[in-house]
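> Predicted model and sequence below, questions to follow.
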Amino acid sequence: MDVFALPAEVRERTSALRRAGSRVAFVPTMGALHAGHGSLFDVARRHADCVIASIFVNPTQFGPAEDFDRYPRPFAADAAFCAAAGVDILFCPRREDMYAPEHSILVVEGALTRGLCGPFRPGHFRGVLTVVTQLLNIVQPDVAVFGQKDAQQARLIQTLVRDLHMHTRVLVAPTWRDPDGLAMSSRNQYLSSDERRHALALSQALQLGETLYAQGVRDAAQVCARMHAVCATAGAAAVIEYVEAVDFATLRPVVELVDGTLLAVCVRIGRTRLIDNVVLGRARVAREYDLV
Ligand code: AMP
């Protein structure tokens, strides 16, 4: 595995690969890698000859009161993880190589960011869209793989690529979970054992939503209310930010559940903000949204 820090080095290497006829797949991450990231590398491998991962804790997507400083950065373990997962090229840029002091262009979106996490994390998606634009311009991959765990982000990146006429195809890979259902996340390591137990409320709420849908319930308000009640079992230290049923295409709330409805929840447990979601009828809408 080759490790590069400079954007120019990565760009040179990937251009050469493409000229030689190789297909390039790209998986951007913020490190603190876990099996969920590993599953994205596997998807990337299935769709390309060369897999590139990046690790960059992007400062512009963290709010002033968020966890940028304490975000885990286990670089040696992450590099070993990538090598063992068969990543061919690891790109770990320094902050100053991504953001020159005079950096002044930001990528702003005005529809899909209105709901879900958007209002709770002002500026977050602007930071994400800006850095992903930079990374896609540097790597110029044929395919990029994002996790459904961050469903709003994944739909935003698909829309970014469409609206800015980038040539990358954006695949959305399923959420990897611990055996008890908790969606894997680098932030799970912030949780105490009590908080970890309470965090199961998120996946349990979503499971209930899926079960009600399978039983034929279609009223979104009724299903969200039932899911909200399950999220409320996360204990006194839990704050529910949202429990929503939205259209996966537009991320706008729906009245009636159908295949392609995204059920999404966000609960803060102590100092840790957790999100999770499911797409109803996922297999039936997979092709429409490049869900793999
Ligand atoms: P992060 O390092 O948290 O920025 O995540 C990097 C990529 O991994 C994003 O596309 C995430 O959606 C994805 N990801 C994070 N957690 C999971 C998970 N549990 N299962 C699948 N993909 C994930």
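Done, it's in. Note that the coordinates shown come from a computational prediction; the quantities given were computed from them, not determined experimentally.
> Helices of the stretch 151-292 of the chain, start to end?
Ranges of helices in the stretch 151-292 of the chain, per DSSP state H, counting those that start in this stretch, are 151-163, 193-198, 200-214, 220-231, 282-285.
> helices or strands next to the third one in the packing?
So the one you mean is helix 200-214. helix 220-231, strand 238-247, strand 261-269, strand 272-279 (3 or more CB pairs under 8 Å, 6 or more residues apart in numbering; DSSP states H and E). Any C-beta I mention is one placed from the backbone N, CA and C, and that applies to glycine too.
> what sits up against the longest one?
Taking CB atoms under 8 Å, 6 or more residues apart in numbering as the criterion, the residues outside helix 220-231 that touch it are 201-202, 204-206, 208-209, 212-213, 217, 238, 240, 243-245, 253-257, 261, 263, 265, 267.
> so where's the stretch 151-292 of the chain shaky on pLDDT?
For the stretch 151-292 of the chain, no stretch has pLDDT under 70.
> quick one on the thing from earlier: quick one: closest of the helices of the stretch 151-292 of the chain to the ligand.
Among the helices of the stretch 151-292 of the chain, the nearest to the ligand by CB to the nearest ligand atom is helix 151-163 (6.4 Å).
> Give me the nearest residue to the residue most central in space within the chain, chain neighbours excluded.
Nearest to the geometric centre of the chain sits residue 150, at 3.2 Å (CA atoms, centre = their mean). Nearest residue to residue 150, sequence neighbours excluded (CB to CB, 6 or more residues apart in numbering): residue 275, at 7.2 Å.
> right, and the one you found touches residue 117 too?
Yes. Between residue 275 and residue 117 there is a contact at 6.8 Å, judged by CB atoms under 8 Å.
> what is in contact with these two at once?
residue 266.
> more crowded one of the two?
Using other CB atoms under 10 Å, the more surrounded residue of residue 275 and residue 117 is residue 275, with 22 against 19.
> check contacts around that one.
Counted by CB under 8 Å, 6+ apart, residue 275 has contacts 117, 149-150, 183, 202, 264-266.
> bridging residues for it?
residue 266 (DSSP bridges).
> How about residue 243?
residue 265.
> okay, now the domains of this structure?
2-173, 186-281 (automatic domain parsing).
> CSV please, covering these and showing distance to residue 289.
Below are the domains of the chain laid out as CSV (distance: least, CB to CB, whole Å):
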stretch, distance to residue 289
domain 2-173, 6
domain 186-281, 6
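> can you tell which of the ones you listed is closest to residue 291?
Among these, domain 2-173 comes nearest to residue 291, with 4.9 Å by CB to CB.
> can you pull the buried residues of the helix or strand harbouring residue 96?
Secondary-structure assignment from DSSP states H and E places residue 96 in helix 95-98. Within helix 95-98, the residues scored as buried using 16 or more other CB atoms under 10 Å are residue 98.
> Find the residue closest to the residue of the stretch 101-250 of the chain found nearest the ligand in space, skipping its chain neighbours.
Using CB to the nearest ligand atom, the single residue of the stretch 101-250 of the chain nearest to the ligand is residue 147, 2.5 Å away. Computed as CB to CB, 6+ apart, the closest residue to residue 147 that is not its neighbour in sequence is residue 173, at 5.6 Å.
> Having no further points to raise, I will conclude here.
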